[in-house]
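> model this:
(one chain, ligands or ions: 2)
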Amino acid sequence: MSEQYPFIKSSIKAVADYPKPGIMFRDVTSLLENPAAFHQSVDLLAKPFRDRGYTKVVGTEARGFLFGAPVALELGLGFVPVRKPGKLPRQTLSESYELEYGEDTLEIHKDSISPGDKVLLIDDLLATGGTIEATAKLVRQLGGEVTDAAFVVALPDLGGIERLQKLGIESHYLCEYNGD
Ligand SMILES: O=P(O)(O)OC[C@H]1O[C@H](OP(=O)(O)OP(=O)(O)O)[C@H](O)[C@@H]1O
Ligand SMILES: Nc1ncnc2[nH]cnc12
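Ligands and ions are numbered 1, 2, ... in the order given. Here you go, the predicted structure:
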């Protein structure tokens, strides 16, 4: 289990039955509205990865951009966006995946990762792990090395932590929710 931060956790509002009945949505927009919680979450996400030889941060559309870009700045690294289909202008690679509440495809610019890049993956939330698995596959197909992914929130009951472990990716997170 990652270290837990109650101040961060208490800044995230819960919305029942969004976007579908039975889903308890963990809404990080309430964290973003709180400058102290936003600043602290970016610092804490970046902290374990300082001076560890990372060369790029990759964040996944859309909420992964909100944390990935400031974490990249904090670490002095470039930021690479992984986006939903048809949004990136240069040549792309694509990967389809399943979500807790749907299905989607992600794309990355083919020239954004070089063989040997050491890549940190950032997203707001880890649920089933489908999004980060697809993101890691895209980075690895381009020759990037992926060993760690960091999230503000993990939902361990949905199996994402184990799913990523099987792919050789350790999950780091600032707070977790179980049982709902
Ligand atoms: O671990 P998983 O089961 O894949 O779920 C987590 C993903 O789901 C959410 O994104 P969503 O696809 O809803 O897109 P958004 O960020 O554009 O709202 C969230 O921001 C993560 O990226
Ligand atoms: N329960 C949840 N809350 C917020 N974002 C999510 N993405 C996937 N599951 C989610």
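
> next, give phi and psi for F65.
phi -70, psi -40 (degrees, to the nearest 10).

> OK, contacts around it?
G59, P81 (Cβ atoms under 8 Å, 6 or more residues apart in numbering). (Each C-beta comes from the backbone N, C-alpha and C, glycine too.)

> mind starting the numbering at 7 from now?
Sounds good: first residue 7 from here, last item F71.

> who in the chain is up against ligand 2?
Residues of the chain found near ligand 2 (Cβ under 6 Å from any ligand atom) are I29, M30, F31, R32, E106, L131, A133, L161.

> swap in 8 Å and give it another go.
Taking Cβ under 8 Å from any ligand atom, the part of the chain that reaches ligand 2 is made up of 29-34, 69, 105-107, 130-131, 133-134, 137, 159, 161, 164.

> which element, helix or strand, includes the residue nearest to the spatial centre of the chain?
In the chain, the residue lying closest to the centroid (Cα atoms, centre = their mean) is D129, at 1.7 Å. Here D129 sits within strand 124-132, counting by DSSP states H and E.

> can you list the strands that that strand pairs with?
strand 62-66 (parallel), strand 151-160 (parallel) (DSSP bridges).

> ranges for the strands of this structure?
In the chain, the strands defined using DSSP state E lie at 19-22, 30-33, 62-66, 84-88, 98-105, 108-115, 124-132, 151-160, 176-182.

> export those to TSV and tack on mean pLDDT?
Output for the strands of the chain, formatted as TSV (pLDDT from 0 to 100):
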stretch	mean pLDDT
strand 19-22	98
strand 30-33	97
strand 62-66	98
strand 84-88	98
strand 98-105	90
strand 108-115	92
strand 124-132	98
strand 151-160	98
strand 176-182	98
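
> what's the closest of these to Y11?
strand 176-182 (4.8 Å; Cβ to Cβ).
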